[in-house]
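[1] Let me see the structure of the following:
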Amino acid sequence: MDGESYKAIVIGGSAGSMDVLLLLFSYLPETFCLPIIIVNHLHPLDDGDLVRFFSQHTSLTVKEASDKEQIQAGYIYFPPANYHLLVEPDGTFSLSVDSKVNYSRPSIDVLFESAAVTWDGDLIGILLSGANSDGAAGISAVKKYGGLTLAQDPSEAAYPVMPQAAIATGNVDEVLSTHEIGQFLQRLSKTAQIKR
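    Residues are numbered from 1 along each chain as shown. Predicted coordinates for the structure are as follows:
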């Protein structure tokens, strides 16, 4: 799991994942060299408060992804409220107002599946606390294309349904505590090389 080189990290979460993300961000040095793209089920009227909140808790650049924007190393991206966020083969984002997936827009599955197609085995997919099964199909896509898949230990998740659904697919490589995920990211920051 360590010592590999990757192009990106995708993270999905819903209810109960805010505190987990805060803890994970605390492990990231300002030199962290991979883009992190996060779908956290947002209130449809969110006007950027989530990005502003997380910007105060990490030295990395946190921003709302824009349509056709080139993905940059060392940035943390969130989708705008009420949009699906997709990764395109040319390394840019696209936004979609297509129908909700698993009652959600943005959908974790939509992000993970598009990122898996783009980055193949150079992708890390991480699924956190949440109250529905969004992300299970996405984590399976990451695994299918050769990426590394991690899930938060359901026994410590505030809402275990989401990681449990992913684990039930048989496509999760490692089930880790929040601290273990953070330690993995910290080690990754020292060993990862950006593939271009």
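[2] first to last residue in stretch 56-76, what's the distance?
    13 Å (C-alpha to C-alpha, to the nearest Å).
[3] what is the mean pLDDT for it?
    Across stretch 56-76, the average pLDDT comes to 94.
[4] Just the buried residues of that stretch, please?
    For stretch 56-76, the neighbour count (16 or more other C-beta atoms under 10 Å) marks 58, 60, 62-65, 69, 71, 74-76 as buried. C-beta coordinates here come from the backbone N, C-alpha and C atoms, glycine included.
[5] Please apply the same query to stretch 131-139.
    For stretch 131-139, burial by neighbour count (16+ other C-beta under 10 Å) applies to 132-139.
[6] Then stretch 160-167?
    160-167.
[7] re earlier: and the furthest pair within the buried residues of stretch 56-76?
    T58 and E69 (19.3 Å; C-beta to C-beta).
[8] between the buried residues of stretch 160-167, which is nearest D49?
    Of these, the one sitting nearest to D49 (C-beta to C-beta) turns out to be M162, at 22.4 Å.
[9] tell me which element the closest one is part of?
    According to DSSP states H and E, M162 maps onto helix 161-168.
[10] and the gap between the closest residue to H41 other than its chain neighbours and V51?
    With sequence-adjacent residues excluded and distances taken as C-beta to C-beta, 6 or more residues apart in numbering, H41 is closest to S14, at 4.2 Å. Distance, S14 to V51, using C-beta to C-beta, to the nearest Å: 17 Å.
[11] who's more crowded, those two?
    Per other C-beta atoms under 10 Å, whichever of S14 and V51 has more neighbours is S14, with 24 against 17.
[12] Please report how far the nearest residue to S177 once chain neighbours are set aside lies from S17.
    Of all residues not flanking S177 in the chain, D153 sits nearest, at 5.1 Å (C-beta to C-beta, 6+ apart). Here D153 is placed at a distance of 13 Å from S17 (C-beta to C-beta).
[13] Show me which of these two is the more surrounded one.
    S17 (26 against 16).
[14] what about the helix or strand containing E113, average pLDDT?
    Secondary structure assignment for E113, by DSSP H and E: helix 108-119. Taken as a whole, helix 108-119 carries a mean pLDDT of 97.
[15] Can you name the element that comes right after that helix?
    strand 123-127.
[16] what mean pLDDT does that next one have?
    pLDDT averaged over strand 123-127 gives 98.
[17] Mind giving me the packing neighbours of that strand?
    strand 8-13, helix 108-119, helix 136-144, strand 148-152, helix 161-168 (3 or more C-beta pairs under 8 Å, 6 or more residues apart in numbering; DSSP states H and E).
[18] try it again with 10 Å
    strand 8-13, strand 36-40, helix 108-119, helix 136-144, strand 148-152, helix 161-168, helix 178-191 (3 or more C-beta pairs under 10 Å, 6 or more residues apart in numbering; DSSP states H and E).
[19] What helices and strands are in contact with the second one?
    Spelled out, that is strand 36-40. strand 8-13, helix 18-26, helix 49-55, strand 75-78, strand 84-87, helix 108-119, strand 123-127.
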